[in-house]
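Participant: Pasting the sequence and the predicted coordinates here, then a few questions.
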Amino acid sequence: TTEPLLPTNRQPSATPDTPFPGSQQRTPAPSPGVNPNPQNVNPPTTPGNTQPNTTPEANDPRVLVSEVVVRSQTGQLSPELENQVYKVIRTQPGRTTTRSQLQEDINAIFGTGFFSNVQAAPEDTPLGVRVSFVVQPNPVLTKVEVQANPGTGVASVLPANTADEVFREQYGKILNLRDLQEGIKQLNKRYQDQGYVLANVIGAPQVSENGVVTLQIAEGVVENIRVRFRNKDGQDTDEKGQPIRGRTQEYIITRELELKPGQVFNRNTVQKDLQRVYGVGLFEDVNVSLDPGSDPSKVDVVVNVAERSSGSIAAGAGISSASGLFGTLSYQQQNLNGRNQKLGAEIQVGQQNLVLFDLRFTDPWIAGDPYRTSYTTDIFRRSSISLIFQGKDRNINTFDPNNPTNTDSQASPRILRLGGGVTFSRPLSSNPYKTSAWSASAGLQYQRVSARDAGGNLVRTGGLFDGNGNPLDPNGNIVAQPATTQLTESPGGQDDLLLLQVGIQHDLRNNPLQPTKGSYLRLGVDQSAPIGLGNILLTRLRGSYSQYLPIKLISFSKKGSQTLAFNFQAGTILGDLPPYEAFTLGGSNSVRGYGEGDLGSGRSYVQASVEYRFPVFSVVSGALFFDAGSDLGTSTQAAELLNKNGTGYGYGLGIRVQSPLGPIRIDYGINDEGGSQINFGIGERF
């Protein structure tokens with residue numbers, strides 16, 4: 001029952017009915033962000049419930065409150081803070097209270113966030129119980145300091161002024177633990193936004209008397225990085241329970257990681273690291289898992305990889321215009337000795353016992369090199385029918401002026417190249433883990449170039465013939481002796497060509513295989529040294545620029561991007577010009593609508609193309625194109641004999657079909673002479 005207010009003439013009882021005169025109720029200050037949860041006083045009962053209320057407050061004796069006082073443990077309490085207390089307490093003069101209600105009030109006062117200590121001090125008076133709430137206000141916040149990664153010696157990843165930026169609006173005001181907690185949330189968000197997802201405040205904030213708050217933050221220091229091999233089913237142990245051993249050397253994986261032990265774990269960095277590891281091309285699956293470190297502030301990073309098959313052997317047979325019937329045997333190894341080194345070998349045996357081969361070795365990152373320098377070395381013996389000596393209705397065939405009646409040796413000249421070289425390349429960046437748009441290459445290559453007939457014999461001269469084998473003069477008239485041209489620089493039919501090759505490129509494409517936006521610039525210089533047969537001194541300059549613009553004109557398919565693509569390229573050769581080194585125009589990688597090399601060949605050239613690329617459905621896309629090219633009036637003697645225009649254009653429509661080898665390109669083009677041609681290729685035109 002509730003006692004009435006005592007009359008003024010009533011003497012206080014010697015043993016007043018107050019359960020806590022002079023006692024103190026104290027609750028330690030909660031950690032930031034912990035909201036007190038006071039007990040529910042007098043919880044409602046369900047209708048018809050006749051059981052007595054057995055909550056603690058129901059069993060607590062009730063006393064009449066005569067006065068409620070709020071005061072500070074030390075010094076004067078500001079009116080603002082007094083009002084903060086009066087707003088949240090339930091204990092009021094003239095009403096009754098209980099021990100449980102006082103505890104709720106203490107929790108509520110703590111919940112304001114302004115106080116580090118709260119006590120309730122009830123005392124008996126003639127009119128009832130005077131309840132004094134004795135509080136200790138927090139100091140004025142002057143600064144928030146961050147102690148990152150205590151005990152590790154690793155500095156914070158955030159700038160030194162980050163805490164000031166987050167808590168500046170709270171400086172100069174009485175420290176409020178709720179506001180402090182909101183600031184801590186903002187600080188955590190700074191970490192999250194920058195990828196430091198393991199960062200966390202550890203322990204309770206330390207508050208000094210002069211208002212300096214110290215936060216200890218474990219940012220997630222990487223203690224170790226390990227590699228774990230798994231099979232295709234994701235298991236890391238074999239049927240005997242032993243760890244799966246991979247072929248790949250672990251350093252091939254870890255050197256692709258920008259994240260190192262002693263650094264703070266960063267999700268964004270790890271995602272890029274995984275992309276680089278996957279881009280090595282040796283793994284079917286790559287992911288990361290985390291294991292606990294030696295203490296709660298540290299973590300072990302485990303890179304899980306599942307290897308794919310890296311070697312292959314193949315055999316085949318075919319027929320070509322240069323070799324006739326031939327057989328091939330090839331071997332490819334993408335992970336030689338587990339070092340991600342590439343070895344490729346191919347040998348081809350054709351008719352007339354012609355043996356061709358190509359042996360190539362590539363190291364994509366020289367061990368110990370800090371700049372991700374790669375190199376490729378190769379030796380080869382290759383044979384091809386040069387487009388320079390092919391025309392639409394007439395050809396230049398091998399011809400012996402000393403024996404003009406020997407028609408058995410008259411055939412398209414084969415250009416045989418025997419040689420080898422080495423090329424180094426690297427991105428132009430001091431940081432091997434940062435993508436660099438610029439890259440450069442330099443190499444040295446030697447070739448012994450020879451012109452040969454269909455039987456593999458050396459030839460020096462080519463003669464002009466029509467499609468029926470009749471000798472022609474420059475005007476196309478049938479004559480007894482054809483017009484002739486030299487096939488090599490040296491009159492003996494063989495040349496030595498030593499080239500120093502330097503190139504640079506700037507790649508901003510979003511996808512090297514099928515770009516939809518960005519640009520690509522490539523410049524190159526080849527400089528020969530005048531040695532050996534032919535004594536050739538030439539300087540070859542080449543450049544190409546492509547631009548890709550995303551657009552939307554039609555909507556055949558909702559999947560895929562529409563792109564307007566432009567390409568301009570040019571080149572010239574200064575000094576000596578061996579006939580087989582001239583630039584050719586026409587064909588699938590030049591002006592479409594013309595056959596391969598049919599438009600022209602010259603010392604110089606310019607070429608421009610524009611394509612509108614659009615998706616059709618699923619794996620099929622289309623393209624509208626326009627190409628134009630010119631030899632700038634620098635036609636070779638062979639091109640003049642073959643009556644090649646040297647300048648022309650083509651336009652048409654093409655389709656692209658996705659395949660494991662890349663887009664299969666089929667273009668139907670119409671040229672400016674009214675002729676047409678179907679051109680085939682692998683990959684985009686540019």
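Facilitator: Nice, thanks for sending it over. Numbering: from 1, shown residues only.
Participant: Give me the sheet partners of the helix or strand in which Thr485 is found and which way each runs.
Facilitator: Using DSSP states H and E, the element containing Thr485 is strand 484-486. Within its sheet, strand 484-486 is paired with strand 461-466 (antiparallel), according to DSSP bridges.
Participant: chain center to the strand it pairs with: distance?
Facilitator: Computed by C-alpha atoms, centre = their mean, to the nearest Å, the chain-centroid distance of strand 461-466 equals 54 Å.
Participant: Next: stretch 596-615.
Facilitator: That offset, for stretch 596-615, works out to 32 Å (C-alpha atoms, centre = their mean).
Participant: quick one, domains of the chain?
Facilitator: The chain breaks down by automatic domain parsing into domains covering 25-41+52-137, 143-218, 221-307, 365-682.
Participant: And these, which one averages the lowest pLDDT?
Facilitator: The weakest mean pLDDT among those belongs to domain 25-41+52-137, with a mean of 80.
Participant: Distance from the chain centre to that one, please.
Facilitator: Here domain 25-41+52-137 is found 59 Å from its chain centre; the criterion is C-alpha atoms, centre = their mean.
Participant: Using JSON lines, please lay out the domains of the chain together with distance to Gly344 and mean neighbour count.
Facilitator: The C-beta positions use only the backbone N, C-alpha and C, and glycine is treated the same way. Below are the domains of the chain laid out as JSON lines (distance: least, C-beta to C-beta, whole Å; neighbours: other C-beta atoms under 10 Å):
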{"stretch": "domain 25-41+52-137", "distance to Gly344": "61", "mean neighbour count": "17"}
{"stretch": "domain 143-218", "distance to Gly344": "39", "mean neighbour count": "16"}
{"stretch": "domain 221-307", "distance to Gly344": "14", "mean neighbour count": "16"}
{"stretch": "domain 365-682", "distance to Gly344": "9", "mean neighbour count": "18"}
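Participant: measure Arg394 to Thr636 for me?
Facilitator: 15 Å (C-beta to C-beta, to the nearest Å).
Participant: quick one, phi psi at the closest residue to Asn210 other than its chain neighbours?
Facilitator: Leaving aside its sequence neighbours, Asn210 sits nearest to Thr142 (C-beta to C-beta, 6 or more residues apart in numbering; 6.3 Å). Dihedral angles of Thr142 (phi, psi; degrees, to the nearest 10) stand at phi -110, psi -30.
Participant: same deal with the one 5 residues further on?
Facilitator: Listed backbone geometry of Gln147 is phi -110, psi 100, with angles given as degrees, to the nearest 10.
Participant: same deal with Glu209?
Facilitator: Dihedral angles phi and psi of Glu209 (degrees, to the nearest 10) take the values phi -60, psi -30.
Participant: Hmm, it is touching Pro139, no?
Facilitator: Yes: at 6.2 Å, Glu209 and Pro139 qualify as touching, with contact defined as C-beta atoms under 8 Å.
Participant: Checking the nearest residue to Ala411 once chain neighbours are set aside next. Helix, strand or coil?
Facilitator: Once flanking residues are discounted, Ala411 sits nearest to Ala454: 4.0 Å by C-beta to C-beta, 6+ apart. On the three-state scheme (DSSP: H, G, I helix; E, B strand; the rest coil), Ala454 is labelled coil.
Participant: cool, Leu574 as well?
Facilitator: Of the three states, Leu574 takes strand according to three-state DSSP.
Participant: That one and Leu541, how far apart?
Facilitator: Distance, Leu574 to Leu541, using C-beta to C-beta: 7 Å.
Participant: And for Phe617?
Facilitator: 43 Å.
Participant: next one: Tyr580
Facilitator: With distances taken as C-beta to C-beta, Tyr580 is found 18 Å from Leu541.
Participant: Ok, Pro139 next?
Facilitator: 74 Å.
Participant: What of Glu169?
Facilitator: The spacing between Glu169 and Leu541, counted by C-beta to C-beta, is 62 Å.
Participant: next one: Leu444
Facilitator: The spacing between Leu444 and Leu541, counted by C-beta to C-beta, is 18 Å.
Participant: How about Glu581?
Facilitator: Computed as C-beta to C-beta, the Glu581 to Leu541 distance reads 13 Å.
Participant: hmm, back to that, nearest to Arg339, of the domains of the chain?
Facilitator: Nearest of the domains of the chain to Arg339, taken as C-beta to C-beta: domain 221-307 at 5.7 Å.
Participant: Output the longest helix belonging to this structure.
Facilitator: helix 177-193 (DSSP state H).
Participant: now could you export just the CA positions of it as PDB?
Facilitator: Extracted in PDB, the C-alpha atoms of helix 177-193 (Å, rounded to 0.1, in the frame of the first residue of the first chain):
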ATOM      1  CA  LEU A 177      29.500   8.200 -24.300                       C
ATOM      2  CA  ARG A 178      26.600   7.800 -26.700                       C
ATOM      3  CA  ASP A 179      28.000  10.400 -29.100                       C
ATOM      4  CA  LEU A 180      31.400   8.800 -28.600                       C
ATOM      5  CA  GLN A 181      30.000   5.400 -29.700                       C
ATOM      6  CA  GLU A 182      28.500   7.100 -32.800                       C
ATOM      7  CA  GLY A 183      31.900   8.400 -33.600                       C
ATOM      8  CA  ILE A 184      33.400   5.000 -33.200                       C
ATOM      9  CA  LYS A 185      30.900   3.700 -35.700                       C
ATOM     10  CA  GLN A 186      32.000   6.400 -38.200                       C
ATOM     11  CA  LEU A 187      35.600   5.400 -37.500                       C
ATOM     12  CA  ASN A 188      34.800   1.800 -38.200                       C
ATOM     13  CA  LYS A 189      33.100   2.900 -41.400                       C
ATOM     14  CA  ARG A 190      36.300   4.600 -42.500                       C
ATOM     15  CA  TYR A 191      38.100   1.300 -42.100                       C
ATOM     16  CA  GLN A 192      35.400  -0.600 -43.900                       C
ATOM     17  CA  ASP A 193      35.200   1.800 -46.800                       C
END
